[in-house]
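In: show me the folded form of this:
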Amino acid sequence: MAPYRDVAFGPYAADIGTRADGCVLLRACEPLRPHPQRFTEHLVQWAARRPAQTFLARRAPGPAGSPGRPWRRLSYLQALEQVTQLAQALLDLGLSPERPLAILSGNDLEHALLTLAALHVGIPVAPLSPSYSRLDPEAVRVVQAIERLTPGLVFAAEGAAYAHAIARAVPADVPVLLTQGRLPGRATLAFETLLAATPTPAVAAAHARVDGDTVAKLLFTSGSTQAPKAVINTHRMLCANQQMYAQCYPFLERVPPVLVDWLPWHHTAGGNSNLGLVLRNGGTLYIDDGKPTEAGIAETLLNLREISPTAIYTVPKGLEVLVRHLADDAALRRSVFAELRLVFAAGAAMPPAVIEQFDRIALQTVGWRVPMTMGLGMTETAPFAVSHHRPGWHAGVIGLPAPGLELKLAPVDGRLEVRYRGPSVTPGYWRQPELRAQCWDDEGFFRSGDAAAFIDPAEPARGLRFDGRLAENFKLVSGTWVGVEAVRARALAHALPYVHDVVIAGEGREALGLLAFLAPDARRLCGDAGTLANGAGALAGDPGVRAWAQRWLDTLAAAGTGSSNRVERLLLVDEPPSAAHGELTDKGSLNQRAVLRTRAALVDALYAEPADPRVLHASPRRGRRGGCRASYNGPAPSDPAAC
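Out: Prediction:
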């Protein structure tokens, strides 16, 4: 095997024990080391030690991917000075733990400065997904969030983009702060006005009162099936979480992290983990206005050609898109791999074909592979919780608990639910104390709803693998449980790059079916180039695409060992998943339940009698059970052993 880049990782070991009730308890052998109790102590530290170093940077506005736009930079000292000025202004406006700061817009320098200013003086910050405001004409979730928060100030970057949501959700007596633009018929505050405040001793006094129990952030869950919940994140959670991360990835303390990062700050991965690890370790974060899609990657590529990151934190789809561009761009390859020490694929299982291609490109460029790791966490754990911090990661592996965190695997419906207890676990949901009884067990462990299993039960020290979401799994009409994540991962391993993602259907039915969202690369399968000019539905109905899809389906069906994992039918979908309808999360991953709900008509078509002509059916079995019964003449599957 080709070598990995020499990167310092922390100890990977846990005490593991099984109780008589079937619960498995895990705790890292290494204890959690001391850490600050106020999150902005890191900012104060680096402003003194590295005052001129760039902390945050963002490109000047302009067309996405257009070169020549300069970076607007903030040093650590500049950031601290502006944070204390803004903190004074927030105190003058009367913000408090009961009147927090709500942020409607996405990642930018003003967003970061306001967040740190509020944290510095003990004011909670509630960043909301911009899609709540910009994609929903009714702005329902903004209305729900504002009612729950009762904010003392609402911030948005642009008046025009957020005017409708503000008009619907924000009471007239709540001040609104804008970076640019105005709101029709409503007075607003200007960001420059708040920056003009002169810090008084009140700022230092408020900072001194902040402790580990002080609420830092209120992060809203996705709320795909109900009103979003505001997860309380305390300063202890944020500080302990970064200490856990540093002990698992000590190279971050030796080489200050440089990130080119798009992950949204209203989400725990971007706003807590990534922004936090840069601040905690004295690094630099370049705010990336790109997105991990074919349409949004141009800005990311522009940034990566100029900035060499030390780590990449992205979702599997983001790495998949990046890999395709790396293969054809030598300058991009040299820049990306020059300093790269880690790839962390957050959010879902990484297709093996993407890992293999990324490794090949790295070897060709720098002569070594870059360690790729993964873990498991959630908004309620700030998020770092379970980590596989060692080279040689495989899709689905999540590892062992981070230092200071206790893990309980509790039997639920034949699987083991992951439950958390420790300093980085939320104390509850904002103004919803009734949820405590539902979400914590009688030993004080938080019920995650995620399932895990040991990679090798005979060697539990190797760690855990993800075993799906309890809520996503379902039963067939026969009563057989279906593990959605395993079926999905196997299907995608055979389908890339022609399929963007799949949704598993079959709850209460006799057999499994797939809704498959076609990717742009599926055009390469078209038998007649003329079909590319046709309108919607051209790809799903193209004979070449359907012939490939039939072979894909037959291969999947042949590999099935029973009704719980044998895919019997397939419907190709041209219309991409919709963020506005909740089908996509802000990280770009599919919300399985939301797709099944919003596309119920397509699910019905999968099982229609007589058969819907759009639906492909697996060829009848031939030969031994589970054996291949059809030749596979299309692009080779990524995992030949599956058939």
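In: below-threshold pLDDT in the protein: ranges please.
Out: Along the chain, segments meeting pLDDT under 70 span 222-227, 347-349, 527-537, 585-588, 621-643.
In: quick check: domain ranges of the protein?
Out: Following automatic domain parsing, one finds the domains of the chain at 1-37+237-471, 474-642.
In: pipe these into CSV and attach mean neighbour count and distance to Leu128 per row.
Out: The way it works is simple: take the backbone N, C-alpha and C, and place the C-beta from them, glycine included. Converted to CSV, the domains of the chain look like this (neighbours: other CB atoms under 10 Å; distance: least, CB to CB, whole Å):
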stretch, mean neighbour count, distance to Leu128
domain 1-37+237-471, 20, 6
domain 474-642, 18, 11
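In: in JSON lines, list those along with distance to Pro51.
Out: Output for the domains of the chain, formatted as JSON lines (distance: least, CB to CB, whole Å):
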{"stretch": "domain 1-37+237-471", "distance to Pro51": "11"}
{"stretch": "domain 474-642", "distance to Pro51": "34"}
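In: Gln85: how many residues sit nearby?
Out: 19 (other CB atoms under 10 Å).
In: so how far is Phe155 from Tyr313?
Out: Here the criterion is CB to CB, to the nearest Å. By it, Tyr313 lies 25 Å from Phe155.
In: ah, wrong one, I meant Arg334
Out: When Arg334 is compared with Phe155 (using CB to CB), they lie 39 Å apart.
In: one more: Val203?
Out: Applying CB to CB to Val203 and Phe155 gives a distance of 19 Å.
In: those two: which has the busier surroundings?
Out: Phe155 (25 against 22).
In: for the helix or strand hosting Ala353, which outside residues touch it?
Out: In the assignment (DSSP states H and E), Ala353 maps to helix 352-366. Helix 352-366 has contacts (CB atoms under 8 Å, 6 or more residues apart in numbering) with 2, 5, 316, 319-320, 323, 326-327, 333-334, 337-338, 340, 343, 368-370, 372, 394-395, 493, 496, 638-639.
In: let's go with 7 Å and repeat that
Out: 2, 316, 319-320, 323, 326-327, 333-334, 337, 368-370, 372, 395, 493, 496, 638-639 (CB atoms under 7 Å, 6 or more residues apart in numbering).
In: do the same with stretch 600-610
Out: Counting by CB under 7 Å, 6+ apart, 505, 509, 513, 515, 569, 571, 573, 596, 612, 614-615 sit against stretch 600-610.
In: repeat that for stretch 311-327.
Out: So stretch 311-327 is contacted by 257, 259, 261, 263, 274, 292-294, 297, 301, 332-333, 336, 340-348, 350-351, 354, 357-358, 361, 496, 587-589 (CB under 7 Å, 6+ apart).
In: go again with 6 Å.
Out: 257, 274, 292, 297, 301, 332-333, 342-348, 350, 354, 357-358, 361, 587-589 (CB atoms under 6 Å, 6 or more residues apart in numbering).
In: and that stretch, how far out from the chain middle?
Out: Distance, stretch centre to chain centre, for stretch 311-327: 14 Å (CA atoms, centre = their mean, to the nearest Å).
In: ok, then the element right after the longest strand along the chain?
Out: For the chain, the longest strand by residue count, based on DSSP state E, is strand 446-454. Using DSSP H and E, the helix or strand that follows strand 446-454 in sequence is strand 464-469.
In: just the CA coordinates of that next one, formatted as PDB?
Out: What follows is strand 464-469 as a C-alpha-only set of coordinates in PDB (Å, rounded to 0.1, in the frame of the first residue of the first chain):
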ATOM      1  CA  LEU A 464     -17.600   1.300  15.600                       C
ATOM      2  CA  ARG A 465     -19.300   1.600  12.200                       C
ATOM      3  CA  PHE A 466     -22.500   3.600  11.500                       C
ATOM      4  CA  ASP A 467     -25.600   1.400  11.400                       C
ATOM      5  CA  GLY A 468     -28.100   4.000  10.100                       C
ATOM      6  CA  ARG A 469     -30.800   6.200  11.700                       C
END
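In: of the contacts of helix 352-366, which belong to strands?
Out: Among the contacts of helix 352-366, DSSP E puts Met372 in strands.
In: so which bits of stretch 130-142 are buried?
Out: 130-134, 136, 139, 141-142 (16 or more other CB atoms under 10 Å).
In: contact partners of the longest strand of the chain?
Out: 380, 415-420, 425, 439-440, 460, 464-465, 467-471.
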